[in-house]
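>>> sequence plus predicted model, see below.
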Amino acid sequence: MKNSNIKPFLKWAGGKSQLMESLIGNLPSDFDSFDTYIEPFIGSGAMLFKVGCQFKNIKKFVIADKNEKLVNTYLSIKYDFKNFINELEKLKNTHNSIDNIDEKRDFFLENRAIFNSEINEKHKQAALFIYLNKTCFNGLYRVNKKNEFNVPFGKHKNPGIYDFENLKNIHKFLKKVTILNADYSKTEKYINGKTFFYFDPPYKPLTKTASFNSYNFEIFSDSEQERLSDFCKKINQKKDVFWLLSNSDMKNIDIENQYFDDLYKDFNIERVLAKRSINSKGTARGNITELLIKNY
């Protein structure tokens, strides 16, 4: 299988493509000898696909997420590719055949309502997930307290929506991936041989306007950040388990803020440059630092 160039099929807030060089550079020096790769907050899968393409030694991949509709999309690509791609093609063709922007918005809103309803055919829900992701505002995924996707229309004229060859290669790659709709704590039982975890949780927000961790109706609060830290400490006690975790650097807004420095004081913390927005105003975008924390 030629999967050396597979890439994320979703836009995702906090996606790791622009941090990839730092992430790969921070893998254990003997990563070629690892057996198992586990990513418990899968999101768009940028790190998964990079590791899967670059390191052929990994025998077992495990991914998880609490976002049921996101996980269903991975499962549909893996198990029901033909029906999924046919549905996605219909959505793409119809959307791009509509010239009037108001009618295009109506088509988007109609499908957003369908997505938020109960859909028996999981491949249709998966196709809608990608369609909405590529046609909504800024590729965001946000839900309200009823767990309904509520991002507005993005006014893209003729969005590509999907790359068939890329999705076909992802379908082939996912055949060797265990996919879980579960809390990260449920991945512990998949530790096997020399195991590597990459944690990319919803980031602790730097400001109120930058607060975006509503991927699910359950907010990833400080208590959740602390529970994750406890889990990292727990698996650190196991033999041949290594982990890398990324998160926001609170020192960008307050140099005295020691939140993560204290939470992970027993581990290695590195600050790396990243281009992010920490304000709703475009003028506040630029280089800030993010944290890479590891137990090796």
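Thanks, I have it.
>>> Trp243 sits in which helix or strand?
Mapping Trp243 onto the secondary structure by DSSP states H and E places it in strand 241-248.
>>> what's in contact with the helix or strand following that strand?
Downstream of strand 241-248, the next assigned helix or strand under DSSP H and E is helix 259-263. Taking CB atoms under 8 Å, 6 or more residues apart in numbering as the criterion, the residues outside helix 259-263 that touch it are Lys204, Gln225, Glu226, Ser229, Asn247, Asp249, Met250, Ile269, Leu291, Ile293. Where you see a C-beta, it was placed from the backbone N, CA and C, and this is true even at glycine.
>>> ok, stretch 64-74 next?
With CB under 8 Å, 6+ apart as the contact definition, stretch 64-74 has outside contacts at 10, 38-43, 45, 63, 115, 122, 125-126, 129-130, 141, 149, 174, 177, 179-184, 186-187, 215-216, 218.
>>> show me where the stretch 151-296 of the chain has helices.
Listed in chain order, the helices of the stretch 151-296 of the chain (DSSP state H, counting those that start in this stretch) span residues 164-173, 222-236, 259-263.
>>> grab the most central residue of this protein for me.
Using CA atoms, centre = their mean, the residue of the chain that lies closest to the mean C-alpha position is Gly43, 1.4 Å off.
>>> wait, that one touches Trp12, no?
Yes: counting by CB atoms under 8 Å, Gly43 sits close enough to Trp12 to count as a contact (4.9 Å).
>>> would you mind writing the CA trace of the helix or strand of the chain with the lowest mean pLDDT as PDB?
Every helix and strand of the chain was ranked by mean pLDDT, DSSP states H and E. The lowest is strand 268-277, at a mean of 83. Backbone C-alpha positions of strand 268-277 (Å, rounded to 0.1, in the frame of the first residue of the first chain) are rendered in PDB as follows:
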ATOM      1  CA  ASN A 268      10.300  16.700  31.000                       C
ATOM      2  CA  ILE A 269       8.600  19.900  29.800                       C
ATOM      3  CA  GLU A 270       9.600  21.500  26.500                       C
ATOM      4  CA  ARG A 271       8.200  24.800  25.100                       C
ATOM      5  CA  VAL A 272       8.000  24.900  21.300                       C
ATOM      6  CA  LEU A 273       6.900  27.600  19.000                       C
ATOM      7  CA  ALA A 274       3.500  27.400  17.300                       C
ATOM      8  CA  LYS A 275       1.400  29.700  15.200                       C
ATOM      9  CA  ARG A 276      -1.900  30.100  16.900                       C
ATOM     10  CA  SER A 277      -4.500  32.700  17.700                       C
END
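>>> now the angle from that strand to strand 241-248?
40 degrees (axes from the mean of the first three to the mean of the last three CA atoms, to 10 degrees).
>>> paired strands for strand 268-277, with orientation please.
With DSSP bridges as the test, strand 268-277 is paired with strand 285-294 (antiparallel).
>>> longest helix anywhere in this structure?
With DSSP state H applied, the helix covering the greatest number of residues in the chain is identified as helix 81-97.
>>> okay then, goodbye and thanks.
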